[in-house]
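Asks: model this:
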Amino acid sequence: MKRSRYIVWALLLCLFAWQSSVSFAAEKYRTEARVPDIATLRVLLSSDQLPSSSLSRPYLLLNGEAGLDVSFDQLSHEVHYYTYTLRHLNFDWTPDDLMTQEFLSGDLTAEITDFEHSHNTQQLYTHYRFTFPNEQMQPTVSGNYALIIYEDNDPDRVVATVCFCVVEQGATIQAKLRSDTDIEYAGRYQQLDIEVDLHDPLSTLNTRVSALVVEQNNRQDNAVIAPRPSFIEAQRLRWQNNRALIFEGGNEYRHIDMSSEYFMGQGVDHITFDHSAPQNGFFTSGYHAYLFEDDIRTGGYIYNEDANGRYVINKERTDDDDIDADYMWVHWLLPADLWLDGGIYLMGDAFGNRIAPANRMHYDENLRAYVFSAYLKQGGYEWLYTFYNSRTSGKASTERVEGSYWQTRNHYRIYYYYQGVSDRYTRLLCVKDMENILIAN
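Replies: This next block holds a predicted model:
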């Protein structure tokens, strides 16, 4: 009995140096273009058994057969010389101290040699593509990674970064999503109860870092690093009735179809071509797609099939979307009174899923509406309007424009990271996806 009681206290004291070894002041990597002439940066899952999926949010299995299909457009027909390298990261996407030989097999760098010019497009661009892992470069341990793409063999000229993770399958995650939350019943929120079953029952005894991370619809602003579990057993961690794991239900995503320049797809009011449009830096297409006015959706939940913020590249009547699809200026209009206590941001994969100046709407006094324009490649796009006030919360809220409803079907991804006292890096033991599931009360 005394020995059992000692083990429980040892677990409580030793397991949670929760997040303790990570400096949150360090730079966080994210998937993003870092220069204005790089557009449509995509990371898709591809394997011999499963062709590249345009709706995937991929991760890799350690020593697995599937890979990443990484692509982007450079907005000209000039040929550029791009190289990439690999970096291992902590669970919060900050750099760690691993040496290259500790996480990488093969060459330190690799060239991007697969490229093709756009065909019959107003916007000239060159489409670059590579797969990873490949013969030149393979990751050897689990965890978070960044592919760093730079130009002219100069590591200081970074043009894009691609973040992904490698999973070693050292644990199993079970989770339940419910509308009966710790703050209200069947209202605005959704709550997760999570169990992590560790394959190694002794791994909880010697721990430097143990972290459960939850993302909703790939959003970065409301991602949760959960506090210590509610219950700790020798081989199982449980988060139950944990308020940190309560999320706004939000609403189903809005979407548009701009796969044609000549026929109005869903959500598009009209398309014009401005022959006199000035050459605006790298953005040279004269196509403008004006969307129908949007409205405030706080009156109640209405089900609408969506892809939880993803997007696809698609051009009608073409053989190769990657090089035949053109670019358009897309214009949003949201009539509303000006809110002085914060701003409106577009949230979705195409907009980085984070609070940033690049996806903030601007208020037009004459139109009495929030407006926003983005330069996008033809296809289908999804977004939500979110409200953000930096003085009151680090998270954006959907309630003011979209409403928030427990019935909304969302995509949740759950990560469990672990670092023992003898480990030199944070391992990723398991990833669990929950997509468009029915909620248990």
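Asks: in this structure, which ranges drop under the pLDDT threshold?
Replies: Residues of the chain that meet the criterion pLDDT under 70 lie in 1-25, 47-54, 201-206, 276-280.
Asks: So which bits of stretch 217-226 are buried?
Replies: Neighbour counts over stretch 217-226 (16 or more other C-beta atoms under 10 Å) mark 217-219, 221-226 as buried. Any C-beta I mention is one placed from the backbone N, CA and C, and that applies to glycine too.
Asks: Tell me which of the residues you listed fall in strands.
Replies: Per DSSP state E, strands hold the following members of these: 224-225.
Asks: Which segments of the chain make up each domain?
Replies: For the chain, automatic domain parsing gives the domain ranges 2-13+169-249+408-435, 32-167, 254-388.
Asks: Let me have those in TSV, extended by distance to Glu399.
Replies: TSV is the format used below for these (distance: least, C-beta to C-beta, whole Å):
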stretch	distance to Glu399
domain 2-13+169-249+408-435	7
domain 32-167	25
domain 254-388	7
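Asks: Report the beta-bridge partner residues of Leu86.
Replies: With DSSP bridges as the criterion, Leu86 is bridged to Leu147.
Asks: Out of the domains of the chain, flag the one nearest Val401.
Replies: Across the domains of the chain, Val401 has its closest neighbour in domain 254-388 (4.0 Å, C-beta to C-beta).
Asks: how long is the closest one end to end?
Replies: Distance between the boundary residues of domain 254-388 (C-alpha to C-alpha, to the nearest Å) amounts to 19 Å.
Asks: now do stretch 308-320
Replies: OK, stretch 308-320 end separation, C-alpha to C-alpha: 25 Å.
Asks: do the same with stretch 138-154
Replies: The first and final residues of stretch 138-154 sit 22 Å from each other (C-alpha to C-alpha).
Asks: Show me what the helix or strand harbouring Thr83 packs onto, helices and strands only.
Replies: Per DSSP states H and E: Thr83 is located in strand 82-89. The helices and strands touching strand 82-89, judged by 3 or more C-beta pairs under 8 Å, 6 or more residues apart in numbering; DSSP states H and E, are helix 100-103, strand 109-111, strand 137-139, strand 143-151.
Asks: Mind checking the domains of the chain for the one nearest to Arg400?
Replies: Each of those has some distance to Arg400 by C-beta to C-beta; the shortest is domain 254-388, at 4.2 Å.
Asks: Quick one: closest of the domains of the chain to Asn441.
Replies: When the domains of the chain are compared by C-beta to C-beta, domain 2-13+169-249+408-435 sits nearest Asn441, at 4.8 Å.
Asks: for that closest one, the distance to its chain's centre please.
Replies: On the basis of C-alpha atoms, centre = their mean, to the nearest Å, domain 2-13+169-249+408-435 sits 19 Å off its chain's mean C-alpha point.
Asks: ok, now stretch 31-47?
Replies: The gap between where stretch 31-47 is centred and where its chain is centred comes out at 12 Å by C-alpha atoms, centre = their mean.
Asks: C-alpha coordinates for it, PDB please?
Replies: Extracted in PDB, the C-alpha atoms of stretch 31-47 (Å, rounded to 0.1, in the frame of the first residue of the first chain):
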ATOM      1  CA  THR A  31       3.800  27.000 -42.800                       C
ATOM      2  CA  GLU A  32       4.000  30.300 -44.700                       C
ATOM      3  CA  ALA A  33       5.400  32.200 -47.600                       C
ATOM      4  CA  ARG A  34       7.900  34.800 -46.400                       C
ATOM      5  CA  VAL A  35       8.300  36.900 -49.600                       C
ATOM      6  CA  PRO A  36       5.500  38.500 -51.700                       C
ATOM      7  CA  ASP A  37       6.300  36.700 -54.900                       C
ATOM      8  CA  ILE A  38       5.700  33.300 -53.500                       C
ATOM      9  CA  ALA A  39       2.000  32.200 -53.500                       C
ATOM     10  CA  THR A  40      -0.200  29.200 -53.000                       C
ATOM     11  CA  LEU A  41       2.100  27.200 -50.700                       C
ATOM     12  CA  ARG A  42       0.600  23.800 -50.200                       C
ATOM     13  CA  VAL A  43       1.500  20.700 -48.300                       C
ATOM     14  CA  LEU A  44      -0.400  17.500 -49.300                       C
ATOM     15  CA  LEU A  45      -0.200  13.900 -48.400                       C
ATOM     16  CA  SER A  46       0.900  11.500 -51.200                       C
ATOM     17  CA  SER A  47       1.700   7.800 -51.400                       C
END
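Asks: re earlier: report the inter-axis angle for the strand holding Thr83 versus strand 143-151.
Replies: Going by axes from the mean of the first three to the mean of the last three C-alpha atoms, to 10 degrees, strand 82-89 is angled at 160 degrees with respect to strand 143-151.
Asks: check contacts around Glu27.
Replies: Each residue near Glu27 by C-beta atoms under 8 Å, 6 or more residues apart in numbering is listed here: 94-95.
Asks: now do 7 Å
Replies: Thr94 (C-beta atoms under 7 Å, 6 or more residues apart in numbering).
Asks: cool, and Gln220?
Replies: 30, 353-354.
Asks: In JSON lines, list the helices and strands packed on strand 82-89 along with distance to Tyr125 and mean neighbour count.
Replies: Formatted as JSON lines, these follow (distance: least, C-beta to C-beta, whole Å; neighbours: other C-beta atoms under 10 Å):
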{"stretch": "helix 100-103", "distance to Tyr125": "33", "mean neighbour count": "14"}
{"stretch": "strand 109-111", "distance to Tyr125": "20", "mean neighbour count": "16"}
{"stretch": "strand 137-139", "distance to Tyr125": "26", "mean neighbour count": "19"}
{"stretch": "strand 143-151", "distance to Tyr125": "16", "mean neighbour count": "22"}
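Asks: which residues of the stretch 151-300 of the chain fall in helices?
Replies: Read by DSSP state H, counting those that start in this stretch, the stretch 151-300 of the chain holds no helices at all.
Asks: rewinding a little: from the buried residues of stretch 217-226, which single one is nearest Gly265?
Replies: Asn217 (22.7 Å).
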